[in-house]
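**Student:** Need coordinates for the following:
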Amino acid sequence: MALQKENMDRSYLFGRLLATSDKLEESVLYKRKEERDTNAKKFWNAFVRKPAKTWAIIRKNLDPYIKQLSGGTKNFYSKLFEEILGKLEDVEGFTNSTLDENYLLCYYSQYA
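**Tutor:** Numbers count the residues shown, from 1 in each chain. The predicted structure is shown next:
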């Protein structure tokens, strides 16, 4: 599945956020040789039900991992989060309405 960067579907965009946060944290855990679930995986069910509220929790929990990234990688993730959140703002989609199944398509496309 190819990532559809121009897809403005709300659930799709939230799926991008979830995958991006999962990938970021997983890369830091890998470098530290830690094997455990990421915050994205821990909060997955809550994220589907209340994505905006849960995103705030996941994002806060990412801070220690972001601090461990190199400048270029930190900048990459920062810009990616800004891009996705900007698109959610454009479609007035940053709400707690339940996500539909499109979030799954994007999660796996973004994560790859």
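
**Student:** which helix is the longest one in the chain?
**Tutor:** Looking across the chain with DSSP state H, the single longest helix is helix 10-31.

**Student:** list the helices and strands it packs on?
**Tutor:** Contacts defined by 3 or more C-beta pairs under 8 Å, 6 or more residues apart in numbering; DSSP states H and E place helix 10-31 against helix 39-42, helix 44-49, helix 51-66, helix 71-90, helix 102-111. For the C-beta atoms, the positions are set from N, CA and C on the backbone; glycine is no exception.

**Student:** Let's have those in TSV, adding mean neighbour count and distance to Met1.
**Tutor:** Listed next are those as TSV, based on neighbours: other C-beta atoms under 10 Å; distance: least, C-beta to C-beta, whole Å:
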stretch	mean neighbour count	distance to Met1
helix 39-42	18	19
helix 44-49	16	19
helix 51-66	16	21
helix 71-90	14	17
helix 102-111	19	5
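
**Student:** you'd agree Cys106 is up against Leu3?
**Tutor:** Yes - assessed by C-beta atoms under 8 Å, Cys106 is found in contact with Leu3 at 7.4 Å.

**Student:** coming back round to it: what angle sits between the longest helix of the chain and helix 102-111?
**Tutor:** Angle, helix 10-31 to helix 102-111, by axes from the mean of the first three to the mean of the last three C-alpha atoms, to 10 degrees: 40 degrees.

**Student:** If you average the pLDDT over helix 10-31, what comes out?
**Tutor:** Regarding helix 10-31, the rounded mean pLDDT is 97.

**Student:** buried ones in that helix?
**Tutor:** Residues of helix 10-31 classed as buried: 10-28 (neighbour count, 16 or more other C-beta atoms under 10 Å).

**Student:** Where does pLDDT dip in this protein?
**Tutor:** In the predicted model of the chain, no residue satisfies pLDDT under 70.

**Student:** one more time with 80, if that's ok
**Tutor:** Scanning the chain with the threshold set as pLDDT under 80 gives 1.

**Student:** Before I go, just wanted to say thanks for your time.
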